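# Next input, structure requested:
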Amino acid sequence: MKEISSELMRSKRKDKIRSLFGKLLTYIFLSLGGITMLVPFLWMISTSLKDPNEVFIVHDIWWRNWIPYKLMWDNYVMALKVVPFIRFYLNSIFVATAVTAGQVFTSSCAAYAFARLRFPGRDKIFFAYLATMMIPGSVTIIPIFVLMRLLGWVDTYKALILPAMFTAYGTFMLRQFFMTLPRDLEDAAKMDGCSLVGIFWRITLPLSKPALATLTTFTFLGNWTSFMWPLLVINKTSLRTLPIGLEYFQSQYTTDWSLLMAGSVMTMLPVVLIFVFNQRFFVEGIKMQGIKG
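As a prediction, this is how the structure comes out:
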């Protein structure tokens, strides 16, 4: 009996060692991956604080390439003065916020109809709508531009906001999430006299915060960094967004890398804040999926 118990203890120790070793390798791998992703961001911050003449100087000591001789905080002030950066910033915030709110609203309404309501041809309409995801954006960009020109919306906020307020991806993602919600809650609400709009607003949306937060983050990020569409439909400097505004730091022959990186750092701040704010909803969504599984 003693030999059997000692063997069991040895096997448990070996399993524990293997488990700890596996966790250690996992942490090392994830740490290396995180460092790899942080390096470009750290280089951007370092360059934004350097003198323009110091950007491409290579030092013998490797860490001197990352730490400027003198921290040039004035680069951020100059980035705001050289171009109408604040105007570009406000335009991007307004457009990205409006598009995000519009996409979340239209996608949630359409997803609720496709997931919870019963009407003739529902599934066929949904699959036809879903099939639009197979069409590349470069194919539809010219017809949409022609439509904007015919409507007289070129060089207006309407051209930046309205075409981007509808998305098949958001509808599909929210529909799949809505279908996992228990129908017992809806049945109980109907027995209490709650309308479809009340069920949607008071039950479905509050229970779908993880999916809504995910769609909000992806939509805001996609529109915040959008370059091609604003470049096509906007010619006025006063209506340009940040991705186009950063091009002002580049000319045909030279690029002011310090000011460009300073502008890029300031451009990233809203995206980081949105992600940090919505991160807890991602964790909550993962927990809910684990419980359901």
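
# Enumerate every residue touching the nearest residue to residue 241 once chain neighbours are set aside.
Once flanking residues are discounted, residue 241 sits nearest to residue 92: 4.4 Å by CB to CB, 6 or more residues apart in numbering. Placement of C-beta: from N, CA and C, glycine included. By CB atoms under 8 Å, 6 or more residues apart in numbering, the contact set of residue 92 is 224, 241, 242, 243, 267.

# separation between residue 92 and residue 100?
12 Å (CB to CB, to the nearest Å).

# Kindly report the same for residue 182.
28 Å.

# Looking at the two, which one has more neighbours?
residue 100 (23 against 9; other CB atoms under 10 Å).

# For the more buried one, what is the enclosing helix or strand?
helix 85-116 (DSSP states H and E).

# residues near the closest residue to residue 167 other than its chain neighbours, how many?
The spatial neighbour of residue 167 that comes closest, neighbours along the chain excluded (CB to CB, 6+ apart), is residue 103 at 5.5 Å. Neighbourhood size, residue 103 [other CB under 10 Å]: 24.

# List the contacts of residue 103.
Counted by CB under 8 Å, 6+ apart, residue 103 has contacts 164, 165, 166, 167, 170, 215, 219.

# Now whichever helix or strand comes after the helix holding residue 100: buried residues?
Using DSSP H and E, the helix or strand that follows helix 85-116 in sequence is helix 122-131. For helix 122-131, the neighbour count (16 or more other CB atoms under 10 Å) marks residue 126 as buried.

# likewise stretch 50-61?
Quick answer for stretch 50-61 (16+ other CB under 10 Å): 50, 54, 55.

# biggest helix in the chain by residues?
Longest helix of the chain, by residue count under DSSP state H: helix 2-48.

# and the nearest residue to residue 207 once chain neighbours are set aside, helix, strand or coil?
Excluding the flanking residues, the one nearest residue 207 by CB to CB, 6+ apart is residue 181, at 5.7 Å. Put simply, residue 181 is coil when judged by DSSP: H, G, I helix; E, B strand; the rest coil.

# Wait, residue 181 touches residue 210, no?
No. The pair residue 181 / residue 210 is not scored as a contact, 11.7 Å apart, by CB atoms under 8 Å.

# more neighbours, the two?
Between residue 181 and residue 210, counted using other CB under 10 Å, the more crowded position is residue 210 (20 against 15).

# Could you confirm the more buried one falls within a helix?
Yes. The assignment for residue 210 (three-state DSSP) places it in a helix.

# ok, now how distant is it from residue 180?
In terms of CB to CB, residue 210 sits 11 Å off from residue 180.

# For burial, what's the neighbour tally of residue 121?
8.

# again with residue 204
22.

# Spit out the contact partners of it.
So residue 204 contacts 112, 116, 178, 181 (CB under 8 Å, 6+ apart).

# Next one, pLDDT for residue 181 please.
Listed pLDDT for residue 181 reads 87.

# Got phi/psi on it?
phi -70, psi 140 (degrees, to the nearest 10).

# And it, how far from residue 140?
Counting by CB to CB, the gap from residue 181 to residue 140 is 33 Å.

# Cross the contacts of residue 103 against strands and list the overlap.
Among these, no member is found in strands (DSSP state E).
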